[in-house]
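1. how would this look folded up:
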Amino acid sequence: MSFVAYRDFPFQQLFASQLLHALESIISSSTLQFFHGGRASQSPRFWLSMLGGASPIHRQHLKQAVQICITRHIPLGTSIQSICQFTHTACSTRAVTHSKAHAPDHQTSAERKLNPAHPPIGTFHCRSPDPQPSINAKQSPTTGTLDCYPAEVVAAIDTCLAQARELVDCEAVERIKDVPIYSRYFTDREFVNRLAQDAVATSRPQRALQVLNIAHHLGCYLKPNHYEGVAYHLAGRSHWALIPLLVTTAKHHCGRASVRLLNWNMRALVEDQRYDQLDHAFEEFANADLPPNRRTFHLLISGHLRNRNLNSAKQYMGMMAIAGFPVDPSTHAVIVSAYRSLGVDPKVHIRAFEGLCDSDGRLSTVVLNNIVQQLLDSRDEKAATRFMLAFDLPGGRGQDPTGSGSTTGLVGERTSDTLLTRTPAVKPNATTFSILLRYMAREGKLSRMLKLLDHMKQAGVHPDSSVLAALIRGYLAAGHSREAISIVAVLLNTRSAAAAEVFCNMMQVQPLTTLPIDVQGIPLTVHIFNALMSGLLDIMGLRAMRDILRTMRAVGISPDSHTVEILMSFLERAQGTGPRQLIRVLRSFSSPSLRPTIRHIHIILRSILRREKFKVYGCGWDATAAKYSKKRTYNSKFLEGRILDTAEYYHPTAGLKLPRRLRWFGPILQSVSRQAIQSDRATIALRLKHEAVTSSDMGTSQAVFRNMLDQGLHPTIHHYSTLMDGYAKMGDIRGAKQVLQDALNAGIQPNAIMYTILVNGYGRRGKPEEAMQAFRAMIRAGIAPDVPSIDAVAHAYFAVGAYSVARRVLREMWAQVQPFPSELEHADLRTLAITFRSYSSNPEHGRRKLSMRQQRLLHWKMRVIRTEWMRFEQWTESRPLSGGIDRHDGYPHKEK
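-> Below is the predicted model:
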């Protein structure tokens with residue numbers, strides 16, 4: 001083919017993947033003779049000048065192809081497919097940027113699977129000019145090492161990373177600068193791109209930034225899309241703190257930024273909870289003269305909603321409309337995904353659900369997943385079931401795969417919904433099943449979890465790390481610790497057989513050979529270790545924490561903020577650790593990459609409030625019995641001055657102020673305050689508890705509650721329970737009942753905790769018969785009694801000296817929790833009470849619904865207890881009670 005024909009070749013009609021085949025037909029054997037014959041002395045510039053007829057995009061592909069042919073002395077007649085399979089550096093990175101580096105706005109890091117460390121870009125299979133191994137010799141992206149690279153290259157990176165001086169003074173860089181086989185890793189864009197992405201997968205991801213710095217120092221000028229590819233890999237491994245540094249480096253090297261880089265910077269700030277910098281990140285678009293796109297506004301809206309800043313989120317929605325981006329289904333998906341921190345809002349759910357008709361399949365799945373998650377958080381199984389019917393599950397849309405009477409084993413009626421029929425069937429994914437599995441694990445329903453796993457296999461959904469974490473929690477909640485440890489051991493074995501063996505020896509468990517789920521290809525993450533740790537701490541104590549941390553260090557997995565939260569919660573709940581020790585634990589784990597969060601502050605405040613409540617009301621049955629005893633004098637343990645005080649500033653502790661003697665709490669609070677983190681619903685519940693329970697200031701409590709509603713936060717059952725507890729401890733049982741009715745009107749179904757508060761309120765006033773009346777109202781509501789509610793009834797009779805009746809209460813109600821131990825038949829009341837309270841750790845107690853037969857049986861047992869109480873009254877010659885228990889007693893009843 002002549003060069004004239006070569007100029008007229010229809011390159012514009014070819015894709016990049018087809019250019020190689022076209023080039024092979026163009027550069028025939030006669031043409032290749034120029035490369036090895038008399039014309040071989042011509043410079044590469046001569047051959048590149050012959051490509052002037054091609055378009056700019058395709059010419060750069062052809063330039064690189066001809067460069068390869070000239071510089072590598074390809075033998076005559078060799079097929080181009082066998083010589084190299086390449087893609088141009090700029091285009092390959094652009095492909096990563098467009099297809100992977102920008103996940104949808106509505107997808108969170110918890111929902112995204114861990115992607116491979118390096119996608120197929122620029123993979124060379126031709127012979128290397130030196131005996132060094134090929135850079136794609138790594139067999140698995142999860143190895144996390146740079147062993148396939150020359151030791152001098154890795155040493156140069158680590159040396160520069162350890163030194164604080166400039167690169168021009170780094171001797172390691174100067175040593176490899178003039179050695180082509182080493183310097184090419186920092187002077188060739190393709191090698192630099194691959195090396196930086198591989199460095200992200202190591203235990204020191206900061207190496208990726210150092211690779212880019214060295215490359216820039218040696219004269220390899222990269223484009224912004226190269227940095228976007230590195231940002232994508234950093235995000236895939238949740239190294240959010242490094243992305244702002246990467247964006248700053250890109251602006252310094254390139255002299256400019258791109259919209260995608262600035263969006264990556266904003267996404268990292270949101271994930272890292274640096275809400276104080278969101279507005280400044282938005283201003284960078286104007287400073288760089290770049291227009292923000294829809295994704296930019298979605299990130300801002302999502303960040304402010306996560307921070308419970310509803311006003312700022314509304315402000316940016318208005319700015320988005322002005323910029324020419326109206327609200328669409330993707331916007332509703334962003335809102336419903338981030339609305340979890342604000343609470344359940346049916347209007348938000350309906351608007352997002354209505355947009356499914358105009359959404360693609362993956363976006364619809366994300367929307368439904370978030371709706372179901374929020375409803376299950378509020379324990380509204382009936383509403384969650386209604387939305388679950390939209391999923392295309394095994395057996396047909398809306399069919400029940402578990403045979404439990406409702407979709408996915410949840411409780412709820414199958415109702416026809418016109419809105420449901422108008423929406424297309426939505427395909428479930430691994431996140432869908434992990435949400436259901438987590439809920440079932442919390443409820444202690446292991447058998448249903450295993451059935452759901454079978455239906456997940458039938459749906460063709462491959463599990464991910466979140467599914468395994470939920471399964472581990474379910475096994476541990478059901479007391480099957482060997483199965484939970486076996487899952488982690490199998491995952492460890494894929495990374496290090498030695499680490500798996502040591503782990504099993506530390507746990508003193510022989511792992512199972514077969515598992516109910518296929519774990520092939522699932523990466524071992526910190527979330528799986530956290531799930532195992534949260535359950536084993538109650539079984540093995542702190543030894544489990546020590547062994548798991550050693551195993552994590554052995555495989556290169558660092559603890560996260562949730563790991564610290566699990567440890568602090570266990571120490572505060574099970575070990576009775578004080579706030580001073582909790583602060584020390586938090587400080588010992590804190591680092592630049594692991595900063596204190598508001599959830600850590602919750603645990604510290606909760607520990608202080610528990611001690612404050614003890615000082616006011618005491619603990620145990622004796623504290624109340626002393627008030628009504630003729631032989632003892634009641635002395636309040638409350639000291640002068642409360643532990644907690646209130647401050648003028650509201651965020652992030654909802655106005656709670658710690659005493660000065662906890663001086664180490666100041667830096668922790670300042671760290672969270674600098675991030676502009678606002679108070680969440682849990683913190684406000686602690687403030688309510690301080691005002692209502694310990695201070696008995698219901699006026700301030702109501703003001704705090706109204707302020708929460710003004711912020712757009714929806715109250716939960718914990719807020720209503722706290723208000724009830726405040727009224728009950730003040731002796732205002734009528735006010736407590738009114739709060740119970742308000743919760744019912746707000747769509748919150750009362751639980752055993754609310755009725756237990758009423759029982760305790762009557763017990764502290766020395767009215768055991770009214771306490772039994774409240775207990776019977778709970779039975780009529782279909783709520784199964786749990787350990788605290790039964791203990792509260794026995795406490796009410798014990799407080800007035802009716803010890804035989806208190807014993808009868810425990811003896812008759814024992815079967816509601818556990819079979820009565822035969823060895824306790826003749827035990828004293830103290831032994832019975834201590835043993836009975838030890839059963840309160842089982843999560844399934846008090847969460848089942850009572851059938852009518854069970855309700856009648858309990859009413860019969862309560863009549864026996866009432867008979868015993870009347871005998872006690874006659875013996876003490878007290879005034880007999882008037883009348884029986886009225887069914888219309890002011891308690892909410894179930895509608896017939």
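2. quick one, strands of the stretch 501-650 of the chain?
-> 645-646 (DSSP state E, counting those that start in this stretch).
3. likewise for the chain?
-> 392-393, 396-397, 645-646, 656-657 (DSSP state E).
4. quick check: mean pLDDT of the second one?
-> Same thing as strand 396-397. Strand 396-397 shows a mean pLDDT of 56.
5. now the third one
-> For strand 645-646, the mean pLDDT works out to 72.
6. run me through the strand neighbours of it, direction for each.
-> Strand 645-646 pairs in its sheet with strand 656-657 (antiparallel), by DSSP bridges.
7. not counting the partner strand itself, show me its contacts.
-> With contacts defined as Cβ atoms under 8 Å, 6 or more residues apart in numbering, strand 656-657 is touched by 605, 644-647, 683, 686-687, 690. (Each C-beta comes from the backbone N, C-alpha and C, glycine too.)
8. which among these end up buried?
-> 605, 644, 646, 683, 686-687, 690 (16 or more other Cβ atoms under 10 Å).
9. out of those residues, which sit inside helices?
-> 605, 683, 686-687 (DSSP state H).
10. can I get the residues you listed in TSV with pLDDT?
-> Formatted as TSV, these follow (pLDDT from 0 to 100):
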residue	pLDDT
L605	91
T683	92
L686	91
R687	91
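11. just give me the closest of the residues you listed to D360.
-> T683 (37.6 Å; Cβ to Cβ).
12. just give the closest residue to the closest one, not the sequence neighbours.
-> With Cβ to Cβ, 6 or more residues apart in numbering as the criterion, T683 has its nearest non-adjacent residue at 4.4 Å, and that residue is A654.
13. equivalent analysis for A288, please.
-> A257 (5.3 Å).
14. also A647?
-> Distance criterion Cβ to Cβ, 6+ apart; nearest residue to A647, sequence neighbours excluded, is K657 at 4.0 Å.
15. who's the one you found bridged to?
-> D645.
16. want to try TSV for the strands of the chain, with distance to R863 as columns?
-> Output for those, formatted as TSV (distance: least, Cβ to Cβ, whole Å):
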stretch	distance to R863
strand 392-393	46
strand 396-397	49
strand 645-646	48
strand 656-657	46
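17. winner for burial among the ones you listed?
-> Mean neighbour count (mean count of other Cβ atoms under 10 Å) peaks for strand 392-393 among the strands of the chain, with a mean of 20.
18. that one - what's its average pLDDT?
-> pLDDT averaged over strand 392-393 gives 78.
19. partners of it, with directions?
-> strand 396-397 (antiparallel).
20. circling back to that earlier point, pull the most distant pair out of the contacts of strand 656-657.
-> Farthest apart among these - using Cβ to Cβ - are D645 and T683, which lie 15.5 Å from each other.
21. which non-adjacent residue is nearest L375?
-> L375 sits nearest to A384 (Cβ to Cβ, 6+ apart), 4.0 Å away.
22. doesn't V372 make contact with that neighbour?
-> Yes - between A384 and V372 there is a contact under Cβ atoms under 8 Å: 5.0 Å.
23. re the thing from before, closest one of the ones in helices among the buried ones among the contacts of strand 656-657 to A470?
-> T683 (26.8 Å).
24. contacting residues around that closest one?
-> Shown in contact with T683 (Cβ under 8 Å, 6+ apart): 598, 601-602, 605, 652-654, 656.
25. ok, now A250?
-> 224, 227, 257, 261.
26. switch to 10 Å and redo it
-> 212, 222-228, 230-231, 256-258, 261-262, 264-265 (Cβ atoms under 10 Å, 6 or more residues apart in numbering).
27. selecting buried members of the residues you listed in PyMOL, what would you type?
-> Buried residues within the contacts of A250, by 16+ other Cβ under 10 Å, are selected in PyMOL with:
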select buried, resi 212+222+223+224+225+226+227+228+230+231+257+258+261+262+264+265
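28. now, the contacts of A250 that are in helices?
-> 212, 224-228, 230-231, 261-262, 264-265.
29. okay if I get those residues as TSV plus distance to L515 and pLDDT?
-> Listed next are the ones in helices among the contacts of A250 as TSV, based on distance: Cβ to Cβ, whole Å; pLDDT from 0 to 100:
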residue	distance to L515	pLDDT
L212	42	93
P224	45	92
N225	42	91
H226	41	92
Y227	41	95
E228	39	95
V230	36	95
A231	36	95
L261	42	96
L262	44	96
W264	37	97
N265	41	96
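30. could you work out the most separated pair of those residues?
-> Across those (Cβ to Cβ), the longest gap, 17.6 Å, separates L212 and L262.
31. show me the shaky parts of the stretch 51-200 of the chain.
-> Low-confidence segments of the stretch 51-200 of the chain (pLDDT under 70): 51-144, 164-169.
32. what's the closest of the contacts of T683 to P579?
-> Of the contacts of T683, the one sitting nearest to P579 (Cβ to Cβ) turns out to be L605, at 8.3 Å.
33. out of the ones in helices among the buried ones among the contacts of strand 656-657, who's nearest A469?
-> T683 (26.0 Å).
34. picking that back up, okay if I get the contacts of T683 as JSON lines plus distance to W860?
-> JSON lines is the format used below for the contacts of T683 (distance: Cβ to Cβ, whole Å):
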{"residue": "I598", "distance to W860": "49"}
{"residue": "I601", "distance to W860": "48"}
{"residue": "H602", "distance to W860": "43"}
{"residue": "L605", "distance to W860": "44"}
{"residue": "P652", "distance to W860": "51"}
{"residue": "T653", "distance to W860": "49"}
{"residue": "A654", "distance to W860": "46"}
{"residue": "L656", "distance to W860": "47"}
